[in-house]
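Q: What would the 3D arrangement of this be:
(2 chains)
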Amino acid sequence: MLYQRTTNRFSHTALLVLGLVSTLFAHPIVPGLEASKISAELKGRVLIEEMNCVACHGSDSSFAKSSKKAPRLVDIGSRVNPSYLKSFILDPHGVKPGTTMPDTMAGMDDEEKGEVAEALTHFLLSQKKNDFALKVPDLVSANKGEKLFHSRGCVSCHSPRDAGGKETMVKSSAPLGDLAKKYSHKSLVTFLKDPHAVRPSGRMPRLDLPGGEVESIAEYLLRDTKVPGHLSYTLYRGKVWEGLGSDGVDAIRGGQIADFDQSRVGVKRGDYAVDYEGWIHILNSGEHTFYMEFNGGKFVLDGESLFDVSPSQRKRPRKFEKTVNLDAGWKKLKFTYYKTGPGAKLSLEWSGPKFKRGAIASAKLKVSDKPVVAFKRFEYDKGLAVSGRKHFAALGCASCHDDVEVDSGDYTPFSDLVGGKGCISKPVKLVGGRVKHPEFGFSDMQRDLISKALKPIEQKKLTSHEDIHKTLVSFNCVACHQRDGVGEISAERMDLFTGTHPELGDQGRLPPTLSHVGAKLKPEWLNKVLLEGKRQRPYMNVVMPHYGGENIGHLTKLFGEVDRLESVKLPKIESIKESKNAGYHMIGPKGFSCVACHNFNGDNSSGAGALDLAHITKSLKKNWFHLFMKNPSRFHATGIMPSFWPGGKSIRPDVLEGKPDLQIEALWAYLEDGVRAKKPEGLSRQSNDVRVFDKAEIVRGRGTVGFRGIGVGYPERINLAFDSEEMALRLLWKNEFASINHGSFRAKGGSRIAFPPGIPFYKMKTLDDNWPYKSKTSYAFPHNLGYQFRGYRLDDKQRPTFQYMYGEVAIDDFFEDVVKDGKGAIFKRTFSFQSPKAQDLFHFRVGVSDAIKKLSDDFYQVGGLKVRITSDHKGLIREGSPGDLLIPLRLPKGKSELTLEYQW
Amino acid sequence: MVKLRSILTVSLFSLSSLLHAEELGKMWGTAEEEAKYYPIIDVPIPAHVPMRPGSFDFLPDGRLAVGTRRGDIYFVKGAMDAVPAPSYDLFATGQDEIFGLDWRDGALVTTQFGEVTRISDTNKDGKADRYDTLSNNWGYAEGHEFAFSSKHDPDGNVWVALGLSGSYKSHNLFRGWAVKVTPDGKMIPVCSGLRSPGGVGANAEGAMFAIESQGPWNGCCSLKHLKPGGFLGHPASYNWYPYAPGMKVPALEPQSRSRLQIEKKRIKELVPPVIRFPYIKMGRSISGFQLNQTGGKFGPFENQLFFGDYTLSLILRATTEKINGVWQGACYPFREGLSTGIMNVEFSPQGQLIAGGFTTNRQWPVRGTKPYAIQRIDWSGIVPFEVREINIREDGFMVHFTKPIDKSVAAGVGTYEVKTYTHIFQGAYGSPEVDQTDLKVLKAVPSEDGLSVRVYLDKLIEGHIHDFDFSSMKSRDGGKLLHTKAYYTVNEIPKK
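A: Numbering: from 1, shown residues only, chains lettered A, B, ... in the order given. Predicted coordinates for the structure are as follows:
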């Protein structure tokens, strides 16, 4: 066996290697642990869980379940660069100082280590096919990523980096190692989007950032990835003639490009600039002539500026020529080209010893004068893979990486472990014997903490308090949240928290305290925060991430048990209507002006943009709300929120007799209506998102349904878009209403039902007639069929009744949003016809679909929509692909009605 | 309007490369002096009000009504106070960019992109509850298809000028036409040949005009007469004559790279621009305009037209007269230094001029840098020494001043410099100034009261802008003119 063979050669190298372990290598880092205020015993417990001791040393105790599992390795080939994998196995503490991965080969000499690491690599990569490949970094995106990495919360656990990429808080940060050597852009993005697929224990949380942000962060972390190529480039757009650093210029993207051919830049229209960098190959020493035709730019070769024409949007292209003497070899080249000005163009050619004038071929260009090795796909060797599999078992890898189906060995049960021995013994004591345990590189303090916790961890049950403390430290919640007795944001990281609303002070940038949180938040809301990533503070740059319900879901219950505040005696409300109305007035500018600072239902306040009040009764416990309102500074010593009842006296004695309890209760009662509360006065209307409160909202213009669209958002959270060009219903949707921008609107929300173009009513000659709609060239349509839009009037909930003429028939078309038992909100639609005489047969087209079904006499399924005819009319299904559902109408003289219900 | 083409939707052509903030043109340099006579007062806008004003009107109760790009109408109380601290009440919402507003019979008649709408508050709760569409019978299916309208004419019609599709073509019904919409909602096509109009209004005689921007078939911004049956120069809209009852498509199309004075003789329907505003010297995207009938409350320019300019954030002034049955006239600098792109203007009952507008984030450069503003220009009560009006005579001009002139200076022929030039009338964008001439002043005869001078020239050139420089003129008390330039567009020379 390999190990027996090598044991004899052990002593010399082991000393050397282990000597290094104790001096150079950082101990395994559990970022929140050291600074936390929890007891030593609990710290030891955290370490035991974070090192996953129980993976080898089996135990039935509770800590077994909460121990941190090792990364999943089955799909590691798609995730990790093979060369990194091997180097990491070979020397985990050297390659990633601070890692919790132990060195399992500490007892081998270099040669054997190399062989084993090679075999393990082949084994791991043999498990699954992979498509690992490197991508040229986009430095423009990376620059955005740098800001995001430092603002979204990554640096709460990981070290921030200086401009050169050097980590500045190594000791207190979860280590990352050299990510450019480890990941491809694709694999890092995949990992960041769902870290728990690889690291199921959730210490690395999922941030749920927008895809573009994740990509930029990955670009930043991998910006040192080396890929061979011809030229590096950066593309700029905007007022490039004002200089690339000016306000009106944006860097768009970067990467590599084959040569100076402008068609490769991929910009069809408009001004832009490209910054090229690379090396050009001079084959023979001698005179070289460069021929440039351009509107502006700067071309620097080997430190000498050959062409320098300041950009202008006025200049036409001009021709330049320059001859220089160049030695053979690779010369550094930097070229900024500005495509701006009339007739903008670029022509760059050269001639030299033994070659004629022509374009600079990409073969003559390289991104670096040093060799850049192209990534080669890893081909595993079957024999090595088989041997690697054996090592994987023998070295104990399989104990932690238990997704790989390899049997793990038997190790001392946890209950028999003794402090100071084995994995937690000092490495120098190992001389002369075979290393039987993996080397973690623990610090003395860590060894001590673990040793002392070995017994209690098995014997003692954690109290709820301790369980909270342990969880908050294991998951490093205390990196962002303060909680009494556990920890708080460290001084060195304090300035890394930023926000978009500086006027909110620290409350606008620092995540809220967790002291009393169980007394503050309703458990349903806490669950939403912990398990679904719900957030209420969009002005904070840092985001609350996901740690996985199975990992931290227990916190909700624990907080509820532990956090207690005194109970308020809630006042008795005589009239809820009166109370809500008082709340409405107090919220607005004539009361306490809450909306001067707070947002409401997504609409910005005129001022600070503080926490949205429309949702707080869903999240807060009423008892806490009363306590907080009476004395906000009790909970936020430095908070901005004033007290409206200083000394127990209301500043508005005229409302509800000035009684504080009644007033606070009234605010609560009003806020309980949430997004359907009566819209407070004084809210800003600057947002492009139009939100519906207690009354309908209307938007008009181009966008969702053509150019003459009218969008209506109804209080029951259903919406429609009506086309006033054809006087027809075009779209139904649910939830969020619409965003607008200068005369255009876009439906938001979801559950959309679209109706195709076409008028609502038509007199067909035969039932086979096509249903008419406005084509690009039917200019006079639909007026030529007797249609004329006449506008709309609003009811007391601002719901419109559309009015139009169809020939001599005047039509009122009204949609009412009603909640039907068990079916949510539906539309009741009422057509009221006024005709001067009885009309010949014509049809109303309800909808068009490939899937129209009659569900009952008056009930039809039209695609995703169900329509009930509630007046005395019959539906008529016209077969076809698609078919349509029509309603034949024979209007009498005078008034008549057609009524329908739409549900979807 | 030139600017709207590029700012309001994605531009079809990269015109922005022709116009940049640094090259908005030289300022007149008169702002400081102008402020003595016509101070500018900001009307504050609260932070929560999304105010991109596009049109104004005054309500019978004295409040200012403002229609916005977002499609809101606000009623503003207190905007006319000496130090305004106004309150804003939201009257109507949800319309599609309002560029026309006129109160009539208890309702605001509003022009938005797609229609003319009569908006009213029937339950008197201060919020509109009826939006009656008077007409939406023009085509609206592409970007840049703006609609700007006039105040009501004496018959109760509003006149609507309809910009071209993408401001170059006419793909949809009546794009490039002016139409009028009657009180009972009928739409009557009036004339064709507009390009990208930006404001509509009548002069003191009741003739209706639209302001037009530089572009194809438009060498520079100009005021155009909406003459029934007329063709205003841009032939893209010829295709809608079959949809205009009783109207016939002109027999000829204009020839490109020609001159207006040649083409108007070829095409009998062609109505030449009333006033051409030399580019940059007199604005570069002129917008809404209003007739001053304040009864002297706004100073010595009664019955004259006042125009906003979007790009240069200034106010211009113009006078019109009908010669041989054709409208023509002159334009004059008035006030510069407003703080945003001016979209529209309105005279208050108190005789102040409200001006407002916005800039955009689409990189169309505007001299005034505020994202939006409402400002007020008051007359301080001091009469500035200005050229009040220029009228044509068969052999020269009659130039009127606001204050008596120094007769000896005024009688010197060297006191006047008169140049002329015109534009190429062409399908390509804009035009340089061409066919320059210098006219000789033969004689100058001041009037007895010193308020005017009769200037005799060696000739007048039909179709040319006559560019006056009065820098040497002095008032009787030795003062200099506040503005020394004026530009008269000669379409017709009075018959002797």
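
Q: part of a strand, is A:E665?
A: No - using DSSP: H, G, I helix; E, B strand; the rest coil, the secondary structure at A:E665 is helix, not a strand.

Q: Surely it is in contact with A:P571?
A: Yes - A:E665 is within contact range of A:P571, at 5.3 Å (criterion: Cβ atoms under 8 Å). The C-beta positions use only the backbone N, C-alpha and C, and glycine is treated the same way.

Q: Looking at the two now, which is surrounded by more residues?
A: Counted by other Cβ atoms under 10 Å in any protein chain shown, A:E665 and A:P571 do not tie: A:E665 has more neighbours, with 24 against 17.

Q: Between A:E665 and A:P571, which contacts overlap?
A: The overlap between the contact sets of A:E665 and A:P571 (Cβ atoms under 8 Å, 6 or more residues apart in numbering or on different chains) is empty.

Q: Just the pLDDT for the residue positioned nearest the centre of chain A.
A: With distances taken as Cα atoms, centre = their mean, the residue of chain A nearest its centroid is A:L209 (1.3 Å). At A:L209, the model reports a pLDDT of 94.

Q: Can you tell me how far it is from B:L223?
A: Per Cβ to Cβ, to the nearest Å, A:L209 is found 55 Å from B:L223.

Q: dump the residue contacts of A:L794.
A: By Cβ under 8 Å, 6+ apart, A:L794 lies in contact with A:A696, A:P800, A:T801, B:A128, B:D129, B:R130, B:Y131.

Q: ok, and the closest non-adjacent residue to B:G288?
A: The shortest distance from B:G288 to any residue other than its chain neighbours is 3.2 Å, reached at B:N344 (Cβ to Cβ, 6 or more residues apart in numbering or on different chains).

Q: same deal with A:R483?
A: Distances taken as Cβ to Cβ, 6+ apart place A:L514 nearest to A:R483, at 4.0 Å, with adjacent residues excluded.

Q: Isn't that neighbour up against A:C480?
A: No - under the criterion of Cβ under 8 Å, A:L514 is not in contact with A:C480, lying 9.5 Å apart.

Q: Which residue ranges of the stretch 551-700 of chain A form helices?
A: Counting by DSSP state H, counting those that start in this stretch, one finds helices in the stretch 551-700 of chain A at the ranges A:555-562, A:576-587, A:594-597, A:616-619, A:622-630, A:660-671.

Q: same question, the stretch 301-450 of chain B
A: With DSSP H, counting those that start in this stretch as the criterion, the stretch 301-450 of chain B has helices at B:407-411.

Q: Run through it and note the low-pLDDT ranges.
A: Confidence mapping of the stretch 301-450 of chain B against pLDDT under 70 gives the ranges B:361-364.

Q: show me where it has strands.
A: Taking DSSP state E, counting those that start in this stretch, the strands of the stretch 301-450 of chain B run over residues B:305-309, B:314-323, B:326-335, B:342-347, B:353-358, B:372-377, B:387-393, B:396-401, B:417-423, B:433-439, B:441-446.

Q: Format those as CSV; extra columns: mean neighbour count.
A: Putting the strands of the stretch 301-450 of chain B into CSV (neighbours: other Cβ atoms under 10 Å in any protein chain shown) gives the following:
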stretch, mean neighbour count
strand B:305-309, 28
strand B:314-323, 23
strand B:326-335, 24
strand B:342-347, 27
strand B:353-358, 27
strand B:372-377, 23
strand B:387-393, 21
strand B:396-401, 22
strand B:417-423, 20
strand B:433-439, 15
strand B:441-446, 16
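
Q: Make TSV out of the ones you listed and add distance to A:D768.
A: TSV is the format used below for those (distance: least, Cβ to Cβ, whole Å):
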stretch	distance to A:D768
strand B:305-309	57
strand B:314-323	60
strand B:326-335	57
strand B:342-347	52
strand B:353-358	53
strand B:372-377	55
strand B:387-393	68
strand B:396-401	73
strand B:417-423	58
strand B:433-439	63
strand B:441-446	80
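
Q: Any idea which of these gets closest to B:K496?
A: Closest approach to B:K496 among these (Cβ to Cβ): strand B:387-393, 9.6 Å.

Q: Packing partners of the closest one?
A: strand B:314-323, strand B:326-335, strand B:396-401, strand B:485-489 (3 or more Cβ pairs under 8 Å, 6 or more residues apart in numbering or on different chains; DSSP states H and E).

Q: list the helices and strands the first one packs on?
A: With contacts taken as 3+ Cβ pairs under 8 Å, 6+ apart, strand B:314-323 sits against strand B:275-277, strand B:305-309, strand B:326-335, strand B:342-347, strand B:387-393.

Q: Let's see that with 7 Å instead.
A: strand B:305-309, strand B:326-335, strand B:387-393 (3 or more Cβ pairs under 7 Å, 6 or more residues apart in numbering or on different chains; DSSP states H and E).

Q: Tell me the strands beside the last one, with direction?
A: Each strand that strand B:387-393 pairs with, and the sense of that pairing, follows from DSSP bridges: strand B:396-401 (antiparallel).
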